[in-house]
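K.L.:
Provide a 3D model corresponding to the input given below.
(2 chains)
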Protein chains: 2
Amino acid sequence: MAEHNVTMEHTLKVLLTEKKYSTLKDILVTMNPADVAAVFDEIGDESIPRLFRLLPKELAAETFVEMEPEVQELLIRSFSDAELHDVIEELYVDDAVDLVEEMPANVVKRILAQADPQMRREINDLLRYPENSAGSIMTTEYVSLRPTMTVGEAITRIRRTGVDKETIYTCYVTQERRLLGTVSVKDLLLAGDDDTPVTEIMDEHVIFVNTLDDQEKVAQMLSKYNFLALPVVDNDRLLVGIITFDDAMDVLEEETTEDIEKMAGMLPSDKAYFRSSAWDLFKHRIPWLALLMISATFTGMIITGFESALAAQVVLTAFIPMLMDTGGNSGSQASVSVIRSLSLGELEFADMPRVVWKEIQTAVLCGLALSILCFCKIMLIDRMLFGNTDITVMTAFVVCFTMAMTVLVAKIIGCSLPMCAQRLGFDPAVMASPFITTIVDALSLLVYFGIASALLFH
Amino acid sequence: MAEHNVTMEHTLKVLLTEKKYSTLKDILVTMNPADVAAVFDEIGDESIPRLFRLLPKELAAETFVEMEPEVQELLIRSFSDAELHDVIEELYVDDAVDLVEEMPANVVKRILAQADPQMRREINDLLRYPENSAGSIMTTEYVSLRPTMTVGEAITRIRRTGVDKETIYTCYVTQERRLLGTVSVKDLLLAGDDDTPVTEIMDEHVIFVNTLDDQEKVAQMLSKYNFLALPVVDNDRLLVGIITFDDAMDVLEEETTEDIEKMAGMLPSDKAYFRSSAWDLFKHRIPWLALLMISATFTGMIITGFESALAAQVVLTAFIPMLMDTGGNSGSQASVSVIRSLSLGELEFADMPRVVWKEIQTAVLCGLALSILCFCKIMLIDRMLFGNTDITVMTAFVVCFTMAMTVLVAKIIGCSLPMCAQRLGFDPAVMASPFITTIVDALSLLVYFGIASALLFH
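P.N.:
Numbering: from 1, shown residues only, chains lettered A, B, ... in the order given. Okay, here's the model as predicted:
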């Protein structure tokens, strides 16, 4: 897709320079709004307003929603009040809210001034919900039906009011805003008899979420139940909005990226990599780097404590990187598996004993296999091939035994820390590889020198 | 949700033991198929067939689709031929294909024997597409309209044939299976005039995929364009099926889990953590652990090469873990950012110079900040607080300079390796932290001892 846009971008730029506006327009109207927006993101700033004015009203608004915030801001600043009014009028309320959240204060003021009074009120209502809550991503534009309606009346109502609704495919039967049931357009169309009351075909066992529920939970429910939309109710159980599957997909993508960033020891960023400056990247990466560097003081202290023993047996130093890396890798395998299962809702805190037991069994298998392999490697490669005669069978045994213990400790810590973190209300993703590596490093060195002291230094 | 099921499971078990079948049925019919399936996954094996027979036909089939493969297999083995026939008849073709792919050969034989001839042919057709291709996840049950139809005729056709279609909301206008355009039920309902030809309101600029396209690419397109469904064409550009958003959401979840597993040095598994035995986990984790352990031979060799120098300056050993961990963390931050951007389609190989330049700038900022912090830490904590007088200003300088160089090398390798891997047709996710850590370890030790030799050992 990206290559396609690069070429398209070039063609459009040439046409723009040559002022072939009608050809330009003919091309743009054949394109999907997401693709048109990608063109705007790539094309030079000075061409953006000119190109945008070529789009027909509806495509213009749909494209506007898909653009990067920087391009949106540039456009709004170039709009006359009338142009701004036209774009805002075409937006769904949830998209307008997203826009307002991204823009600087003076732009927001202009947006709200150009919105119709009702939309302004709805935007302000939605802005009041906490960030990342169901309320903050829902839209208030859904089709509601009265329980007294027949199938035929319902279809008529949809045909009359549907144009401004974000989805018409799931309709909500309400009485004084109390949610009685849902009915899909499929059910209505396939009902057979137009005189059937909607209450007869509606589904009364409605699954809904609260305005304050976490957006990730909501997105996962939509994915689990394969729903097109999920109704959102307030604390009095009154219907206030719906969340549609496309917003849920965006939330899942965003939350997964955040999890991955946290697992790699970064502060989550809401900007795409490409739009982050080196300074942005620095700010998101330095805190964990610095913290983990400082915490490596412990490993340094452990080594210093055994300095005199090490000076006598420098050969032991050569195995420190291997032991530390294997421990780190083992721990992050366990922690990442558990973190992903937690975020998919497959695991919860009560499962911890079963998880720890499974990791202990896996650790014994991995530890055994690695120790045997490591013993062969040390004796065959390090001792025989490279002729390092400082390495005795006892040294190899100490290294391999430490290896097995390190794997065990790493797996147990790796699986239990994320679960404990979640239980304590922290995000389990921050308990991933970098953090666990630091702990496992220190423990594996303690085990190493402990065993070495007992067996090698008399 | 999980807590809810635990309680529900208990209630249902009690009711089952007490043989209160009508109460059981009353409860089950109020539940969503995904939740009913979760009950089956948790309840004891012996109760499964009895509980399943309580479900009404449609709910039974919908629940069956949502179950874990183990439960499905157990049920099929307990079914009479007539019961199996009833369940299969209610399945959509793509779900039937998923089932056939999961079951052992003798169960598959029974399933195909009980399927209607047409369904059997369609299942066999779909099974021929390569794994993870668009063809392998599509369904053939879509609504097709003829170009000669009016809006009214189209609605009538949907009402007549829609019940067996996976989605009715996007309809496909075809002529001799050639895809002319798409029209949504929303467009049809809001068209106003039933005599309008569908060709007048259909969208001719159809975005479609090929049967052999990768399922991840397809899922990302659905997410990007916010489509409910995407048409799939064969090499002759004839329409052969559609992929719906719910399948795309599953694909995205699955592919993300695979990416995360690869990034943490595991072979991807298609089993949930909870359903994997310790032996499964071992098999997926040991290859990378073993490979990375063996490759640590290089770091060992580097240390051995400088053994005599180290024996003279053992204090240098104490900083090895800190340098290695900081390098590993810096590298994995860069690699994970790039891998995620690649898999979201935000980056491609051509962007490499820009990415490397951005990472160099970030590395200079991070390296500078960390070196200064590290210098203060060494002089204040290690030297003054712990009174380690072996540490000179020169030692601190060597460590800090190595730190800055390591961060730089780690960031450059971390961002470029995944992009090169993708270019060469490998999965960039395997180029993540564990692999990069091993390379960075070796390089940082070389830098460390190189600088130390030049400045400390004369």
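K.L.:
Least confident secondary structure element in chain A?
P.N.:
Lowest mean confidence among the helices and strands of chain A (mean pLDDT, DSSP states H and E): helix A:2-17, at a mean of 68.
K.L.:
Can you dump the C-alpha atoms of the very next helix or strand once past it in PDB for me?
P.N.:
Downstream of helix A:2-17, the first helix or strand assigned by DSSP states H and E is helix A:21-28. Coordinates of each C-alpha in helix A:21-28 appear next as PDB, following Å, rounded to 0.1, in the frame of the first residue of the first chain:
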ATOM      1  CA  TYR A  21      -7.400  20.600 -10.900                       C
ATOM      2  CA  SER A  22     -10.200  18.700 -12.700                       C
ATOM      3  CA  THR A  23      -7.900  15.700 -13.300                       C
ATOM      4  CA  LEU A  24      -6.800  15.800  -9.700                       C
ATOM      5  CA  LYS A  25     -10.400  15.800  -8.500                       C
ATOM      6  CA  ASP A  26     -11.300  12.900 -10.800                       C
ATOM      7  CA  ILE A  27      -8.500  10.900  -9.300                       C
ATOM      8  CA  LEU A  28      -9.200  11.800  -5.600                       C
END
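K.L.:
on contacts alone, who are the packing partners of helix A:21-28?
P.N.:
helix A:2-17 (3 or more CB pairs under 8 Å, 6 or more residues apart in numbering or on different chains; DSSP states H and E). Backbone N, C-alpha and C define where each C-beta goes, glycine included.
K.L.:
Check which element follows the helix or strand in which A:S223 is found along the chain.
P.N.:
Assigned by DSSP H and E, A:S223 belongs to helix A:215-225. Using DSSP H and E, the helix or strand that directly follows helix A:215-225 along the chain is strand A:229-233.
K.L.:
Pairing partners for that following strand, with directions?
P.N.:
Strands that pair with strand A:229-233, judged by DSSP bridges, come out as strand A:209-210 (parallel), strand A:239-244 (antiparallel).
K.L.:
Could you export those to TSV, including columns for mean neighbour count and mean pLDDT?
P.N.:
Output for the strands paired with strand A:229-233, formatted as TSV (neighbours: other CB atoms under 10 Å in any protein chain shown; pLDDT from 0 to 100):
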stretch	mean neighbour count	mean pLDDT
strand A:209-210	18	94
strand A:239-244	24	92
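K.L.:
So which of these is nearest A:I413?
P.N.:
strand A:209-210 (34.9 Å; CB to CB).
K.L.:
mind listing the helices for the stretch 151-300 of chain A?
P.N.:
Counting by DSSP state H, counting those that start in this stretch, the segments of the stretch 151-300 of chain A that form helices are A:151-161, A:185-189, A:198-201, A:215-225, A:245-263, A:278-295, A:297-305.
K.L.:
can the ones you listed go into TSV with extra columns for mean neighbour count?
P.N.:
TSV is the format used below for the helices of the stretch 151-300 of chain A (neighbours: other CB atoms under 10 Å in any protein chain shown):
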stretch	mean neighbour count
helix A:151-161	18
helix A:185-189	21
helix A:198-201	18
helix A:215-225	21
helix A:245-263	22
helix A:278-295	18
helix A:297-305	20
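K.L.:
and the residue nearest to A:I27 when sequence neighbours are not counted, how many residues sit next to it?
P.N.:
Sequence neighbours aside, A:L12 is the residue nearest to A:I27 in space, at 7.0 Å (criterion: CB to CB, 6 or more residues apart in numbering or on different chains). Under the neighbour criterion other CB atoms under 10 Å in any protein chain shown, A:L12 is assigned a count of 23.
K.L.:
Enumerate every residue touching A:L12.
P.N.:
The contact partners of A:L12, taken as CB atoms under 8 Å, 6 or more residues apart in numbering or on different chains, are A:24, A:27-28, A:39, A:43, A:51.
K.L.:
now A:K411
P.N.:
By CB under 8 Å, 6+ apart, the residues touching A:K411 are A:330-331, A:333-334, A:359-360, A:362-363, A:366.
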